[in-house]
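> Dropping the sequence and predicted coords here.
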Amino acid sequence: MQQSIGFVKDRHGKAIAYGVTGRGRPLVADTGFVSHLELQWAYPPYRRFFEALSSHHRVIRFDLPGIGLGDPTGEVVDFEDDVAVLEDLVDGLGLSEMDLFGASQAGAVMVAYAARHPERIGRMVIFGGYADGPKLAAPALQESLLKLTRAHWGIASQTLADIFIAGGDEQAQQAFASVLRVAATPDAGVRRLAECFRTDIRDLLPKVKAPVLVIHRTGDRNVGFEHGRALAAGIPGAQLVSLEGRAHVWYVGDMESVLAPMLDFLGDKARPPRADSVLSAREREVALLISQGLSNGEVASRLGISARTAEAHAEHIRNKLGFRSRAQIAAWAVENVGTGA
């Protein structure tokens, strides 16, 4: 699936970059912190998540001015700037009604928009969100992270990847860190991180009228589960789905457990793309051999690769398909790749 990239101006004349996939009811997605429409789309697990949503929705993702493909001369300084960009994007695209998906700090932005524009919101999903940013970490830890980001953005990006991608493999961590370094300058990184710690939307929660689904992993290393629980408790009628896992990023780990309740809540059916649209040719070979009951050592011998490489391929397959066991890979391969006969 290809994305179509366009640009609209914000109220300051700066370009907001946006990417569109799929058809149907608009679903505006803000993935939080730092984004890059092209780099993130090139990462298979991330792309697969939005491809699944695009089966039923016109999914609209975007980069803020000063971030990713957004206007390099623009900048988002505080929370109100963040909300204003969302307002300008929606107005610029002429959207009268839509669903919303917000991850991490973007969840707060979506809550603010929904509270101020209830007539435009159908349903809203928040993953890994919070309402009380100052309580995310002790003041000393907040200050140390801001200092590290300001002084050593490269090191800070890897540190943040270790936190956001807890439990993920090295490939996922490196992909995340790369997006941070390419999509944002050190100053932009400091502004975005400082906004996380300043944001407090607790007074807006009772004003949200739309149906809301809050999804949060119980072991989230970046935003503790208690924040997701408090967020859901503060929004009238909100549903809370708790999931196992440590990764703060929804497309790492058991992604299917995120997609299933989300698609059900939005009124869709979970229909992930075929394996051959996600896996590389070599990964399809490995999946097929796993379906035949071969161990990593036997897969390595059959393909002429090291056992370590075979193990890495199996881990990548699990991550891309959102699986946790070889049995799931085997069942998927039989149905979607073939038997090799």
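Structure's in. What do you need?
> The closest residue to residue 325 other than its chain neighbours: helix or strand, and which one exactly?
Nearest non-adjacent residue to residue 325, counting by C-beta to C-beta, 6 or more residues apart in numbering: residue 318, 7.8 Å away. All C-beta spots, glycine's among them, are computed from the backbone N, C-alpha and C. Assigning secondary structure by DSSP states H and E places residue 318 in helix 307-321.
> Let me see the mean pLDDT of that helix.
Average pLDDT, helix 307-321: 84.
> Stretch 78-91 now?
Computed over stretch 78-91, the average pLDDT equals 94.
> ok now the helix holding residue 318, how far from the chain's centre?
21 Å (C-alpha atoms, centre = their mean, to the nearest Å).
> In terms of helices and strands, where is residue 141?
Using DSSP H and E, the element containing residue 141 is helix 139-151.
> So what touches that helix?
136, 137, 155, 156, 159, 186, 187, 189, 190, 193, 194, 197 (C-beta atoms under 8 Å, 6 or more residues apart in numbering).
> Closest to residue 226 out of those?
Ranked by distance to residue 226 (C-beta to C-beta), the contacts of helix 139-151 are led by residue 136 at 10.7 Å.
> wouldn't that closest one be in contact with residue 108 here?
No. The criterion here is C-beta atoms under 8 Å, and residue 136 misses it with residue 108 at 11.2 Å.
> list the residues that contact both of the two?
residue 130.
> So between these two, which is more surrounded?
Applying other C-beta atoms under 10 Å to residue 136 and residue 108 shows that residue 108 carries more neighbours, namely 30 against 17.
> List the contacts of the more buried one.
Neighbours of residue 108 in contact, by C-beta under 8 Å, 6+ apart: 79, 102, 129, 130, 131, 133, 199, 201.
> do residue 114 as well
100, 121, 124, 208, 209, 210, 212.
> Of these, which is the nearest to residue 35?
Ranked by distance to residue 35 (C-beta to C-beta), the contacts of residue 114 are led by residue 100 at 15.5 Å.
> Check for me that that closest one belongs to a strand.
Yes. Assessed with DSSP: H, G, I helix; E, B strand; the rest coil, residue 100 lies in a strand.
> before we move on, back to that, what does the helix holding residue 318 contact?
44-45, 48, 168-169, 171-172, 252-253, 255-256, 272, 275, 278-279, 282-283, 286-287, 290, 296-297, 299-300, 303, 323-326, 328-329, 332.
> hmm, back to that, any idea how far residue 290 is from the residue nearest to residue 325?
10 Å (C-beta to C-beta, to the nearest Å).
> tell me what the host helix or strand of residue 59 is packed against?
Using DSSP H and E, residue 59 maps to strand 57-63. Using 3 or more C-beta pairs under 8 Å, 6 or more residues apart in numbering; DSSP states H and E, the elements in contact with strand 57-63 are strand 15-21, strand 25-30, helix 37-41, helix 44-54, helix 79-92.
> buried set for stretch 138-151?
For stretch 138-151, the neighbour count (16 or more other C-beta atoms under 10 Å) marks 142, 145, 146, 148, 149 as buried.
> Columns pLDDT and distance to residue 248 on top of the residues you listed, output as TSV?
Shown next, in TSV, are the buried residues of stretch 138-151 (pLDDT from 0 to 100; distance: C-beta to C-beta, whole Å):
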residue	pLDDT	distance to residue 248
142	91	16
145	91	14
146	92	18
148	94	18
149	92	17
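> mind giving me TSV with those and columns for distance to residue 181?
Shown next, in TSV, are those (distance: C-beta to C-beta, whole Å):
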residue	distance to residue 181
142	21
145	16
146	17
148	14
149	11
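> how far is the lowest-mean-pLDDT helix or strand in the chain from where the chain is centred?
Least confident helix or strand, the chain: helix 326-336 with a mean of 81, by mean pLDDT, DSSP states H and E. Relative to its chain's centre, helix 326-336 lies at 25 Å (C-alpha atoms, centre = their mean).
> tell me the angle of that helix relative to helix 307-321?
Helix 326-336 and helix 307-321 are oriented at 70 degrees to each other (axes from the mean of the first three to the mean of the last three C-alpha atoms, to 10 degrees).
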